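Visitor: Following is a predicted model, sequence given first.
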Amino acid sequence: MKLRIEIVTPAPPGTLHGNRITALRWHQFLMRLNYQSTVTEQWSGKSCDVLIALHGLRSHDSIRAFKKTHPDRPVVLIMTGTDIYRDLKNSKKVIQSMEMADAIVVLQSEAIDSLPKQFHPKVRVIYQSIKSISRKVPPKRHFLASIIGHLRSEKDPFCAAQSLKLLSPDSKIQLIQLGQAMSPDFKKEAISLHKNIERYQWLGQVSHSKTLQWLSCSHVMIISSVMEGGAHVVSEAIAIGIPVIASDIPGNRGLLGNSYPAYYPVGDQVALSELLNKVETNPVFYQKLCKAIAGRQKITKPELEQESIQKLIKSLVK
């Protein structure tokens, strides 16, 4: 009999939210490991041997219902950035989900420090992997920067666009922003910046494959988030070999490493513009970033993630 595993993610089918992408990737690995796996938005109520739930707050009801019905069956909680860096402080439900879980998965190493000590023995770090995508030749006539992610406050979505105003007039930097506006105000702001900043273009939501095409021909990618559990797009940039300019938050440090040379203080448009200027005009610094990214590529290998998932399931199901 194959082991039956249900993965619960609050992100609906068809969305490009990181949680949905993580759930689908785990689903594929579990199938490859010869388990029976399904992905749902909340626990289906069907019997399964293991429940894997993304989001301590939004999957809380699923975890509670499953544990009530099957108190002796394991639950794996995969914690998201909003769980760790926002909801943990404000919601008892996140703590309750952690208490009910038999194992807690975080997507980058720095996350552990933000969790209460009593849960540390349950925590596993499982990095997100990427199928290999080759780097494309970037444009010759300008220096392409990309910023990728839905436009919402956690992402500080317009810090990069605003920082372009501080670049020297002869800079060749062009910024492409990809991602759906998650509110009418964000949409209005993106359209206005698109009109008023010559070197900025907002393309809205495009398919995942199109997003990867843009990323793989960028000279540099910017991640400006206020909070992240471990952004999938950072793992993608690492896997392809694209240098990253990152806001200085634990979620970015946990993926790029503490010695990575291109962090800037969250929300600091001046510091971000200075880093953009440096990557464009200083080839030695640019190569230093390329080398630092290459040094992190081992954590994005699919075989590492698959092996980590297999170890986790085996440790829970005797």
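Guide: Structure received.
Visitor: Pull stretch 213-226 out as CSV, backbone CA atoms only.
Guide: Output of stretch 213-226 as CSV, limited to C-alpha atoms (Å, rounded to 0.1, in the frame of the first residue of the first chain):
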residue,chain,number,x,y,z
GLN,A,213,12.6,34.2,-19.3
TRP,A,214,12.7,37.8,-18.0
LEU,A,215,14.7,36.7,-15.0
SER,A,216,17.2,34.6,-16.9
CYS,A,217,18.2,37.5,-19.2
SER,A,218,18.4,40.1,-16.4
HIS,A,219,21.8,41.6,-15.4
VAL,A,220,20.5,41.8,-11.8
MET,A,221,17.3,41.0,-9.8
ILE,A,222,16.0,43.1,-6.9
ILE,A,223,14.1,41.7,-3.9
SER,A,224,12.8,44.6,-1.8
SER,A,225,10.6,42.7,0.6
VAL,A,226,9.9,43.8,4.2
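Visitor: Sketch out the helices for the protein, chain order is fine.
Guide: Ranges of helices within the chain are 18-32, 60-69, 81-82, 88-90, 92-100, 159-163, 184-196, 208-216, 232-240, 250-256, 269-281, 283-294, 302-316, based on DSSP state H.
Visitor: Okay, buried residues for the fourth one please.
Guide: The neighbour-count check on helix 88-90 (16 or more other Cβ atoms under 10 Å) flags L88 as buried. C-beta: built from backbone N, CA, C; applies to glycine.
Visitor: can you list the helices of the chain in TSV and add distance to S114?
Guide: Shown next, in TSV, are the helices of the chain (distance: least, Cβ to Cβ, whole Å):
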stretch	distance to S114
helix 18-32	18
helix 60-69	19
helix 81-82	10
helix 88-90	7
helix 92-100	12
helix 159-163	22
helix 184-196	27
helix 208-216	28
helix 232-240	17
helix 250-256	6
helix 269-281	24
helix 283-294	24
helix 302-316	20
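Visitor: how close does the residue nearest to A65 when sequence neighbours are not counted get to R73?
Guide: Excluding its sequence neighbours, the residue lying closest to A65 (Cβ to Cβ, 6 or more residues apart in numbering) is W43, at 5.6 Å. When distance is defined by Cβ to Cβ, to the nearest Å, W43 is 12 Å away from R73.
Visitor: any common contacting residues for these two?
Guide: Common neighbours of W43 and R73, counting by Cβ atoms under 8 Å, 6 or more residues apart in numbering, are 51, 66.
Visitor: Compare those two and say which is more crowded by neighbours.
Guide: W43 (21 against 16; other Cβ atoms under 10 Å).
Visitor: OK, contacts around the more buried one?
Guide: 6, 8, 51, 53, 62-63, 65-66.
Visitor: Of those - the most surrounded one?
Guide: Result: A53 is most packed of the contacts of W43 (other Cβ under 10 Å), 28 neighbours.
Visitor: Test my guess that it contacts V76.
Guide: Yes: at 7.1 Å, A53 and V76 qualify as touching, with contact defined as Cβ atoms under 8 Å.
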